[in-house]
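Novice: predicted model and sequence follow; I will ask about them next.
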Amino acid sequence: MAPIALTDRVGETRARLLDLIQEVGTGERIPAERDLARRWGVARMTLRKAVDGLVLDGLLERRQRQGTFTSRPRTPRHLTVASFTEEMTRRGVKASSETLSLRRVRATTTLARQLRMPEGEPVIRFVRLRLGDGVPLAVETNHVPEALVPGMTEEDLEGSWYARLADHYGIHIIAGVANVEAAMPDERSAALLGITTAQPCFRVRTVVRDRSGQVVEYGESIYRGDDFTLTVELLPEPRRDPRGRARPRTD
C-alpha cells in the first residue's frame, strides 16, 4: 500500500503546486523546496517528485543557482513551408519582426552549393529578429539569389515574406527541407534573444524551392529552446516499384 499512498501524496502536492503557479504568474520564482515541504507538511522527496513532473510538463523550470521558476507557455512551430508570420497567426500568436540587416554579398562556396548557383554570384542576405506576442523567439538569417528579387528593400520584409515573394516577385514556395539540431547561441544571438550563451537552442537550416524546383532561399535560424517547441508531421514513405516509381500503400 505504501507506493499507492506515496502516489496520492505526490498527486496532492502537484495540485498545490499548480495552484501556486496560477498565483505567482509566469516567469516568477517559487519558494524553495524545503520551505514548501515545511509549509505543506510533506516530505522533501514527495515535493521533489511533484516538481520533477511539472518540469517535465514544461510548467516549471530549474535554473542553476537561481531556483525554480514558472515557465512561459512554449510557442509551437510546425516545420512547414508556411512563413513564420503565417504560422504564428494561425496559432493565435501576434508575429512581428525587426530587420537587423539587409545587404548584398557574394555567394561563397557553401552558399553557392546550398542555393545551386555559381560561386561569386550576388546574393541578398537579410537578418531578422522574430517575435511572438512581443517576446524574442528566433534570429533568422536568410539568403536569396539577387536575380530572383531585383531591387529588394527592407519594405519587402514587412509582413509575410513568402506572400511578398508570391505577390511581388511571382515566386511561389511549395517545398523545402529543414535540418534541426541542438546548438548553443553565440553572444550576439543570445543578447538579441534575451538569454545567456549557456541556454540551449535549436538551430534550423532550411532550403526552400518554388514550383519549378528551383532553390529560392537558404536560411539558418536560432530558436530559443526554453520558449519554443518544434513539431514535425511524420508520414509513411511511399513504396516504390523496382524502377523506383512510387506506388500506393495497401496496408
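Specialist: It's in. Numbering: from 1, shown residues only.

Novice: name the single longest helix found in this structure.
Specialist: helix 2-24 (DSSP state H).

Novice: what residues of that one count as buried?
Specialist: Residues 9-10, 13-14, 16-17, 20-21 are the ones in helix 2-24 that count as buried (16 or more other C-beta atoms under 10 Å). Placement of C-beta: from N, CA and C, glycine included.

Novice: could these be laid out in a markdown table, adding distance to residue 70?
Specialist: Below are the buried residues of helix 2-24 laid out as a markdown table (distance: C-beta to C-beta, whole Å):
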| residue | distance to residue 70 |
| --- | --- |
| 9 | 22 |
| 10 | 19 |
| 13 | 16 |
| 14 | 14 |
| 16 | 14 |
| 17 | 10 |
| 20 | 8 |
| 21 | 5 |
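
Novice: follow-up on the earlier one: I'd like the next helix or strand past the longest helix of the chain.
Specialist: Later in the chain than helix 2-24, the nearest helix or strand by DSSP states H and E is helix 33-40.

Novice: which residues touch that following helix?
Specialist: Contact with helix 33-40 is made by 13, 16-17, 20, 30-31, 43-44, 46-48, 51, 68, as judged by C-beta atoms under 8 Å, 6 or more residues apart in numbering.

Novice: now do the buried residues in that helix.
Specialist: For helix 33-40, the neighbour count (16+ other C-beta under 10 Å) marks 33, 36-37, 40 as buried.

Novice: can you list the weak-confidence ranges in this structure?
Specialist: 1-7, 72-83, 85-88, 90-91, 228-251 (pLDDT under 70).

Novice: how does it look with 50?
Specialist: 1-4 (pLDDT under 50).

Novice: all the helices of the stretch 1-150 of the chain, residue numbers only.
Specialist: Along the stretch 1-150 of the chain, counting by DSSP state H, counting those that start in this stretch, helices occupy 2-24, 33-40, 44-56, 84-90, 109-115.

Novice: need the ones you listed in JSON lines with distance to residue 131, can you?
Specialist: Converted to JSON lines, the helices of the stretch 1-150 of the chain look like this (distance: least, C-beta to C-beta, whole Å):
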{"stretch": "helix 2-24", "distance to residue 131": "24"}
{"stretch": "helix 33-40", "distance to residue 131": "34"}
{"stretch": "helix 44-56", "distance to residue 131": "26"}
{"stretch": "helix 84-90", "distance to residue 131": "9"}
{"stretch": "helix 109-115", "distance to residue 131": "26"}
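
Novice: for residue 220, find the nearest of those.
Specialist: helix 109-115 (9.6 Å; C-beta to C-beta).

Novice: elements contacting that closest one?
Specialist: Judged by 3 or more C-beta pairs under 8 Å, 6 or more residues apart in numbering; DSSP states H and E, the packing partners of helix 109-115 are strand 135-145, strand 215-224.

Novice: one more time with 6 Å
Specialist: Using 3 or more C-beta pairs under 6 Å, 6 or more residues apart in numbering; DSSP states H and E, the elements in contact with helix 109-115 are strand 215-224.

Novice: which stretches in the stretch 51-200 of the chain count as strands?
Specialist: In the stretch 51-200 of the chain, the segments counted as strands under DSSP state E, counting those that start in this stretch are 60-63, 67-70, 75-78, 95-106, 122-132, 135-145, 173-183.

Novice: kindly reformat the ones you listed as a markdown table containing distance to residue 196.
Specialist: Below are these laid out as a markdown table (distance: least, C-beta to C-beta, whole Å):
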| stretch | distance to residue 196 |
| --- | --- |
| strand 60-63 | 10 |
| strand 67-70 | 14 |
| strand 75-78 | 20 |
| strand 95-106 | 20 |
| strand 122-132 | 17 |
| strand 135-145 | 14 |
| strand 173-183 | 14 |
